[in-house]
Structure formats: structure tokens, C-alpha cells
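A.B. asks: structure, please.
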Amino acid sequence: MLPFLKHCDEMPPLGGLEPPRGRFGNLYNAYLDAGCWSPLNRGETVPVLVNEKIDSLLETTSRSFYPTLKYLPKKTRGQIGLLYLLARVADTIADTKHGDTAVLLDLLERYNSVVQGHETNLPDFSELASLQSNEHEATLLRNVPDVIAGLETYDEADRKRMLDCLDIIVGGQVLDLQRFGPANEGGSISALQSEEELDDYTFRVAGCVGVFWTAMSLAHLMELPPEKEKLFMERGIRFGKALQMINILRDIPEDLRFGRCYIPQSALQEHGLQPEDLLDDTNLEAFRPLYDRYLDLTNDHLEAATAYIKMIPETQFRLKASCMLPVLVGQRTVSLLREGNILNSEERIKVTRDEMKTYARKLFRALLIPGGVRRLLEKNKEA
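C.D. replies: From the prediction side, this is the model:
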């Protein structure tokens, strides 16, 4: 499963490659060090996902995500890779350091309109490409027509799944620009207003990918009775929301520097706080009760993610493995967040590379032992 999270986790790279960034791919980054646990990689090379051009763009724009695709089920890895690239284009547009938010909004909405097939005139991204500090992202913007053309590789049903997900993601990026763009330009901080806005945001950025991932799994990899399909989908949505909440709760200082506060204004006011108060780490004691409440919500979502994994057939080794490690890392991260001063920008809270490797080895053993997955998840939750 893959969420489009707000930032990428700094997971241990394969062969020293840099970790990807952007809203897409964080769930995959959680098992980035898969080479230390999976025998599936021995002698296996990454296959062509769509065509050589798409493969090249995907490899250069996310050199750590690209190798992990080999661990995904073959029937869905191409669609996942292409959706990543389509979303990465949108993310690059939205994140470009440009003085006029209105320009970025127009380019983002017109890009999505062309991808969705509503119009045919693609915007000229050459100026935006010239503003990129990352040369590979500049190349991506210069080759957007090739990325869009990759959709023709797949049948109508898979195209619809990809486009439906992309449409929701872009909608979330548009809302982000509308809410936070002007604040960032003016050097002030804007916040989400309500719990409903926070839940909607986590769905648009990550929960919708749970819909996509679940729909792809049910279409190509596994079957469930109709009444269980609905439950599987609901849990998949909460899976994505869990990992997005972790990123929100971990990255508060960084987001504040960019004028963004994802902790709702209404909730802060209940505790006598304003968004600006979170810039001062001495306010941790006043903020902690609210923060712990959101950690409890995140744990509830992770419980749904655990239940999601248990619904995957044991025969779907790759599918189950691709979901397991993100939950293990998520559980550990929540525990760390409860202990640290999360308002201190100098105190970056994350799972270490050594811990990641340990989890990866434990996961491989658990997948081979009857009941091992359940026991590992339960034991890790209590650690």
C-alpha cells in the first residue's frame, strides 16, 4: 500500500541512493531496505514498467522508490509506478518556489484537466522547469506528455482507478495552495480550521491511495466476499490516514516554517493555543494533551491497518510484505513521538536505519512462520 504523504520518511537507501520526496511513496519508503530481508531480489532486475522513457523518468526522479517496485506483485507494479509519476508531476508543480500562488494553481488544475481527458491543451511547463533546483524534476516537467501517454498502456478499468486517485490528490494539493500559499508568501502561518478539515486532508493525501491500492488488489490479486470488500476498503483508507497523521505529527516545526499548521485552529484554541505558539518548544506541556489525543487517533488508524493486513491471503506474500513494514515502523514512530519534544526543530524523531534493518529481518521470518505476522504486529505494538 502506498500513501501520498506530505513528506517522505528518511528511510535507509538502497546502495546509498537518495530517498525520494513528495506526497507519493512514503509507504513504500518504509520498506526501502528490502534488500536485507527478501530473497526475491536475488538476480532480479526491475522490469520495464510501461516503456523505457517512463522507466527512466521514474528511476531518476525517485531513485530509491524505483528499485522497490520489484518487490510488488507484477500484476500491479506498473500501474503503481505510473500513478507515482503522474502524482510526482503534480507535486513538483505545487512545490515549485514561485512568487505567485495563482500561477501554480492554474498550471496544476490545467495539468489535471488534460490527464483526466477534459481538455487537450497541455500547459507549457518550460518556465517552471527552469525554476527547479533538482535537474531530474526539471526533466520530468519537460516530458509530461510522455508520462500522460503511459496511461494508454493499461485497460480502461485500471486507467480509471489511477485517474480517480490522481484527481483526489490534485484536489488536496489545490486546497493546500489555496490555504497556505498566500500565508507562505506573506511570512505568516495559516492553520486548518477544524477536525473535519484534518480528516478530509488525510484522505485526500493518503486515504485515497488506500482506495486505489485496495481496488487494484481486489481486481488483480485476491478475492473477498462483497461484505468483506467494503470492510477491506474502509481499513485501507484508514491505513493511509495513519501514515499521513504520523507525518503531520512528526513534521510540525518544518511545516510551521513554511506557513503551514495542520493542527486545527479550533483544537488549539480549546487548549489556549495559537499556531504561532507551536514555534516555541517551551509550550510543549500545554500542547501535549492535544498532541497525545492525535497520537491516540493515529494508533486507532494503525489498528485498522493491522486488521487490513490480516485480511490479505497468506499466498499473497509480496502484497502482505509490502504492507507489513510500514505498520511496524509506524507503531514504533508513534512510541517515539510520545517521548520526544516534537516542537523542537533540532530534535528530529525517526526510526533509525539499524532499527529498520532489524524490522526487515523480523518481518521476513514472520512471513515464513504460521501466525508469525499476527504475533509480530502485537508484540511490536506493545514495545
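A.B. asks: look at the residue lying farthest from the centre of the chain and report its pLDDT.
C.D. replies: Taking C-alpha atoms, centre = their mean as the measure, the residue most remote from the mean C-alpha position of the chain is G272, 31.7 Å away. The score at G272 is 97. That number is its pLDDT.
A.B. asks: what's the answer for D251, then?
C.D. replies: Among the per-residue scores, D251 shows a pLDDT of 93.
A.B. asks: give me phi/psi at it?
C.D. replies: Per-residue torsions, D251: phi -110, psi 20 (degrees, to the nearest 10).
A.B. asks: do the same with R260
C.D. replies: Per-residue torsions, R260: phi -120, psi 130 (degrees, to the nearest 10).
A.B. asks: the closest residue to it other than its chain neighbours: which element?
C.D. replies: Counting by C-beta to C-beta, 6 or more residues apart in numbering, F180 is the residue found nearest to R260 once chain neighbours are left out, at 4.7 Å. (Glycine included, C-beta is placed from N, CA and C.) Taking DSSP states H and E as the definition, F180 sits inside helix 156-186.
A.B. asks: which strands or helices does that helix pack on?
C.D. replies: Secondary-structure packing of helix 156-186 (3 or more C-beta pairs under 8 Å, 6 or more residues apart in numbering; DSSP states H and E): helix 74-95, helix 101-115, strand 190-191, helix 208-220, strand 260-261.
A.B. asks: quick one: mean pLDDT for the longest one?
C.D. replies: For helix 74-95, mean pLDDT is 93.
A.B. asks: go on, the third one?
C.D. replies: In this model, strand 190-191 carries a mean pLDDT of 94.
A.B. asks: assign the nearest residue to Q274 once chain neighbours are set aside to helix, strand or coil.
C.D. replies: Spatially, and ignoring its direct neighbours in sequence, Q274 is nearest to L268 (6.3 Å; C-beta to C-beta, 6+ apart). Of the three states, L268 takes helix under DSSP: H, G, I helix; E, B strand; the rest coil.
A.B. asks: from M324, how far out is L268?
C.D. replies: L268 sits at a distance of 35 Å from M324 (criterion: C-beta to C-beta, to the nearest Å).
A.B. asks: compare those two (neighbour count), which wins?
C.D. replies: Under the neighbour definition other C-beta atoms under 10 Å, L268 and M324 were set side by side, and M324 has more, 26 against 21.
A.B. asks: quick one on the thing from earlier: quick check: the residue farthest from the centre of the chain vs E285, distance?
C.D. replies: Going from G272 to E285 by C-beta to C-beta gives 12 Å.
A.B. asks: spit out the residues that contact those two alike.
C.D. replies: Common neighbours of G272 and E285 (criterion: C-beta atoms under 8 Å, 6 or more residues apart in numbering): none identified.
A.B. asks: just to revisit the earlier point, what pLDDT is listed against the residue nearest to Q274?
C.D. replies: Reported pLDDT at L268 in the predicted model: 98.
A.B. asks: OK, contacts around it?
C.D. replies: 191, 274-275, 277-278, 290.
A.B. asks: in JSON lines, list the helices and strands packed on helix 156-186 along with mean neighbour count and distance to R250.
C.D. replies: Rendered in JSON lines, the data for the helices and strands packed on helix 156-186 read as follows (neighbours: other C-beta atoms under 10 Å; distance: least, C-beta to C-beta, whole Å):
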{"stretch": "helix 74-95", "mean neighbour count": "23", "distance to R250": "19"}
{"stretch": "helix 101-115", "mean neighbour count": "18", "distance to R250": "26"}
{"stretch": "strand 190-191", "mean neighbour count": "22", "distance to R250": "17"}
{"stretch": "helix 208-220", "mean neighbour count": "23", "distance to R250": "19"}
{"stretch": "strand 260-261", "mean neighbour count": "24", "distance to R250": "14"}
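A.B. asks: could I get the ones you listed as CSV with distance to R338?
C.D. replies: As requested, the helices and strands packed on helix 156-186 are arranged in CSV below (distance: least, C-beta to C-beta, whole Å):
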stretch, distance to R338
helix 74-95, 30
helix 101-115, 36
strand 190-191, 23
helix 208-220, 25
strand 260-261, 21
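A.B. asks: with respect to T139, which of those lies nearest?
C.D. replies: Minimum separation from T139 across those (C-beta to C-beta) falls at helix 74-95, 10.5 Å.
A.B. asks: helices or strands up against that closest one?
C.D. replies: Checked by 3+ C-beta pairs under 8 Å, 6+ apart, helix 74-95 has helix 52-61, helix 101-115, helix 135-142, helix 144-149, helix 156-186, helix 208-220 packed alongside it.
A.B. asks: how about the helix holding F180: buried residues?
C.D. replies: 158-159, 161-163, 165-166, 168-177, 179-181, 183-184 (16 or more other C-beta atoms under 10 Å).
A.B. asks: any low-confidence regions in this structure?
C.D. replies: Low-confidence segments of the chain, defined by pLDDT under 70, are located at 1-47, 63-64, 99, 182-186, 382-383.
A.B. asks: distance check, D280 against A286.
C.D. replies: Distance from D280 to A286, counting by C-beta to C-beta: 10 Å.
A.B. asks: out of these two, which sits in the busier spot?
C.D. replies: Relative neighbour count places A286 above the other of D280 and A286, with 15 against 10, counting by other C-beta under 10 Å.
A.B. asks: check contacts around that one.
C.D. replies: For A286, the contact set (C-beta under 8 Å, 6+ apart) comprises 271-273, 277.
A.B. asks: next one: I342
C.D. replies: Taking C-beta under 8 Å, 6+ apart as the contact definition, I342 lies against 249-250, 252-253, 284, 291, 349.
A.B. asks: secondary structure of it: a strand, I assume?
C.D. replies: No - secondary structure assignment places I342 outside any strand; it is coil (three-state DSSP).
A.B. asks: for the remainder of this discussion, apply numbering that starts at 393.
C.D. replies: That works, and once the first residue is 393, the last one we named lands at I734.
A.B. asks: from Q723, how far out is it?
C.D. replies: 17 Å.
A.B. asks: where does S525 land in three-state SS?
C.D. replies: Here S525 takes the coil state, with states given by three-state DSSP.
A.B. asks: and it, how many residues sit next to it?
C.D. replies: S525 is surrounded by 8 other residues when neighbours are defined as other C-beta under 10 Å.
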